[in-house]
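Enquirer: Mind folding the following:
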Amino acid sequence: MKKIAFLILGIFLLKSFYGQQIFAQKKADKLLEEKLKVANKGFVDAADFGFSPDALGIENATALQRAVDQTGTIVVSQPGTYNMAGTVYIGSNTSLIFGNNIFLKKVDEKGAFSHVIVNKGAATKTYDEHISIEGLNIIVNGIDVRKFKEAYGLHGQLAFFYIKDLKIERFRCLDLGKAQYGIHVCTFEDIIINDVVIKGDKDGVHLGRGKRFTISNGIFQCFDDAIALNAHDYSTGNPELGWIEDGVVQNCHDLNAEKTTGFFCRILAGAWIDWKPGMEVQQSDAVVSNGRIYRVQNIPDGRIYKSITRPTHESGKVMLDSINWGVVQNDVTYTAGVRNVIFRDIFLEKPRTAFSVHFDNDKYSRSYYPGAEVPCQGQLTFDNISVLYAKPTPFLNIATPVDVITITNSSLRDNRISFISNKAMTDYEKTKINMIGCVFNQKGVMDLVTNTVDGKEITLKTASSIEYYDEFSARVIPGNGKITVESDLTGLKNNQ
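Expert: Numbers count the residues shown, from 1 in each chain. So this is what the prediction gives:
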């Protein structure tokens, strides 16, 4: 009987064991099935990490950070306003998608902060790749500060520094303050910024050095620049210096506003020299020393400093001879500018200079250091640009060397091309202007090209032009330079 009892007990325990194994296996299979379902969906819902319209700003910043750390595709689908009390850092191979009627509102729960979103590699100058942000709606809510935590000079509400293959789609920000740009990208390759509406007091889209870019389908109502292509900049304006090249800006509107400064597009160049003992420098000046670029990061008070001690530190800032030298970058270049950029389908409602190609030369920044290599910007094309206001303003202000300007299929009013000098250099080199298929809407005399640069040589060609009014007449004003004309316009064709 004992043997039978032990046998029965053994059978029972064996069934129990196998039963537990089967249950555990079923549980594991179920978990695997759930994981596969999530994987098949191909996205992570930020709500699963606690991201909610009902949460505190600190909680939301933490939750969204946990979500984007998963990489892949992260979706925010529940409509509402989400308080944000801190910056979210996004890394490579990540897409962040916001659904309709979703807003991220900056709030001060633990101190003011700059960026709503910035890439993870910005602080270490490490390239992030394959990032996409879609449907982001930022409410600045007065939280408009420059902390320069990640990089000195980086201050966009949405910011990227050291980035490749970036796409920003359907971005909205309607309350920019006076300190931060809407979108700030510097040191980049291959970026697309599409479908943006940006309004407020500072720059809408601000680019630093990089190559291959598209900015399209934008509506801007900015007190400052709608778009800034600032290859050079104030020391506080961009974290690095270099060329901006091979880009397209298309289908953009510069809306009217009561007050304004800046331009629809600022195109800013610069150049600097090797450090030498006894050289005089001012705020924002750059020098090359010890295989690096350093910049003066003092206050903009117009003071001139004599540099006796060579800057050699590898990172950060060091005070030498009352000069606060900051390390900018380790890859050395001596010039910065914009080249090979096409502007097309631009609608200008705000009466201000549309495009300014220039150097800074004031207490905030001296773009061109005397004796530096000349940065010749060039191959700038303007196609189908429509001036929609009647106030006389420059279409182009040019205050740097530029090789070729091409203007096609554009509609102008009393909008001159103006060459000016800010005394940065003695030779502003030759410039050729080619205008094809443009409509001239001025009733009366139009100063098409004016020049105040001593010794400047300009060649102007116009063809297939349309003069809307019979009273129209064009003229050029060479000043102390020379303008060679080949034109079909009334007032110019008889003077060739």
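Enquirer: Need the per-residue pLDDT for the closest residue in space to residue 186 that isn't next to it in sequence.
Expert: Using C-beta to C-beta, 6 or more residues apart in numbering and skipping the chain neighbours, the partner closest in space to residue 186 is residue 208 (2.9 Å). (Glycine included, C-beta is placed from N, CA and C.) For residue 208, the pLDDT comes out at 98.
Enquirer: any idea how far residue 208 is from residue 91?
Expert: Residue 208 sits 21 Å away from residue 91, going by C-beta to C-beta, to the nearest Å.
Enquirer: do residue 202 as well
Expert: Here residue 202 is placed at a distance of 27 Å from residue 91 (C-beta to C-beta).
Enquirer: Show me the shaky parts of the protein.
Expert: 1-42, 494-496 (pLDDT under 70).
Enquirer: which residues of it fall in helices?
Expert: Using DSSP state H, the helices found in the chain span residues 2-41, 57-68.
Enquirer: Report the contact partners of residue 190.
Expert: Residues counted as contacts of residue 190 (C-beta atoms under 8 Å, 6 or more residues apart in numbering) are 164, 165, 166, 212, 213.
Enquirer: please redo it, this time with the cut-off set to 6 Å
Expert: 164, 165, 212 (C-beta atoms under 6 Å, 6 or more residues apart in numbering).
Enquirer: measure it to residue 421 for me?
Expert: Computed as C-beta to C-beta, the residue 190 to residue 421 distance reads 36 Å.
Enquirer: Looks like residue 404 contacts residue 432 (just checking).
Expert: Yes: look at residue 404 against residue 432 with C-beta atoms under 6 Å: they come within range, at 5.1 Å.
Enquirer: for the nearest residue to residue 453 once chain neighbours are set aside, phi and psi?
Expert: Nearest non-adjacent residue to residue 453, counting by C-beta to C-beta, 6+ apart: residue 421, 4.4 Å away. Main-chain dihedrals, residue 421, degrees, to the nearest 10: phi -120, psi 140.
Enquirer: So what's the residue count around residue 421?
Expert: Residues lying near residue 421 (other C-beta atoms under 10 Å) number 20.
Enquirer: need the strands for the stretch 301-450 of the chain, in chain order.
Expert: 305-307, 317-320, 323-329, 335-336, 338-348, 355-358, 378-387, 396-398, 404-408, 411-412, 417-419, 431-436, 439-440, 445-451 (DSSP state E, counting those that start in this stretch).
Enquirer: Among these, single out whichever gets nearest to residue 64.
Expert: With C-beta to C-beta as the criterion, residue 64 lies closest to strand 323-329 of those, at 30.7 Å.
Enquirer: What helices and strands are in contact with the closest one?
Expert: Applying 3 or more C-beta pairs under 6 Å, 6 or more residues apart in numbering; DSSP states H and E, one finds that strand 323-329 contacts strand 292-296, strand 317-320.
Enquirer: Residue 112: which of the ones you listed is closest?
Expert: Between these, strand 317-320 lies closest to residue 112; by C-beta to C-beta that is 22.1 Å.
Enquirer: strand partners of the closest one, parallel vs antiparallel please.
Expert: strand 323-329 (antiparallel) (DSSP bridges).
Enquirer: what separates residue 429 from residue 420, distance-wise?
Expert: 14 Å.
Enquirer: Please disregard the earlier target; I meant residue 404.
Expert: 19 Å.
Enquirer: Residue 284 now?
Expert: Noted for residue 284: a distance of 21 Å to residue 420, by C-beta to C-beta.
Enquirer: So if I had to pick from the two, which one is more boxed in?
Expert: Shown here are residue 284 and residue 420; by other C-beta under 10 Å, residue 284 has more neighbours (24 against 17).
Enquirer: Isn't the more buried one up against residue 235?
Expert: Yes: counting by C-beta under 6 Å, residue 284 does reach residue 235; the two are 4.2 Å apart.
Enquirer: which neighbours do the two share?
Expert: Counting by C-beta under 6 Å, 6+ apart, nothing touches both residue 284 and residue 235.
Enquirer: if we can go back for a sec, compare neighbour counts for residue 202 and residue 91 and give me the winner.
Expert: Using other C-beta under 10 Å as the criterion, residue 202 and residue 91 rank with residue 202 on top: 25 against 16.
Enquirer: wait, residue 244 sits on residue 231?
Expert: Yes: between residue 244 and residue 231 there is a contact under C-beta under 6 Å: 4.8 Å.
Enquirer: Which one of the strands of the stretch 301-450 of the chain lies nearest to residue 153?
Expert: strand 323-329 (8.3 Å).
Enquirer: what angle separates that closest one from strand 292-296?
Expert: 140 degrees (axes from the mean of the first three to the mean of the last three C-alpha atoms, to 10 degrees).
Enquirer: hang on, the earlier thing: tell me the residues that contact both of residue 244 and residue 231, please.
Expert: With C-beta under 6 Å, 6+ apart as the test, residue 244 and residue 231 both reach 209, 338.
Enquirer: Pull up the gap between residue 249 and residue 336, please.
Expert: Using C-beta to C-beta, we find residue 249 at a distance of 19 Å from residue 336.
Enquirer: and residue 131, what does it touch?
Expert: 90, 94, 166.
Enquirer: er, residue 311 actually
Expert: By C-beta under 6 Å, 6+ apart, residue 311 lies in contact with 289, 294, 325.
Enquirer: Of those residues, which is the most crowded?
Expert: Neighbour counts for the contacts of residue 311 (other C-beta under 10 Å) peak at residue 294, which has 28 neighbours.
Enquirer: Quickly list what that residue is bridged to.
Expert: Bridge pairing for residue 294 - DSSP bridges - gives residue 287, residue 327.
Enquirer: my guess is it meets residue 325, correct?
Expert: Yes: using C-beta under 6 Å, residue 294 is in contact with residue 325, at 4.7 Å.
Enquirer: in the sheet, who's paired with residue 320?
Expert: Judged by DSSP bridges, the bridge partners of residue 320 are residue 323.
Enquirer: Can you get me a residue count around it?
Expert: By other C-beta under 10 Å, the residues close to residue 320 number 16.
Enquirer: again with the one 10 residues further on
Expert: Here the number of neighbours of residue 330 (other C-beta under 10 Å) works out to 13.
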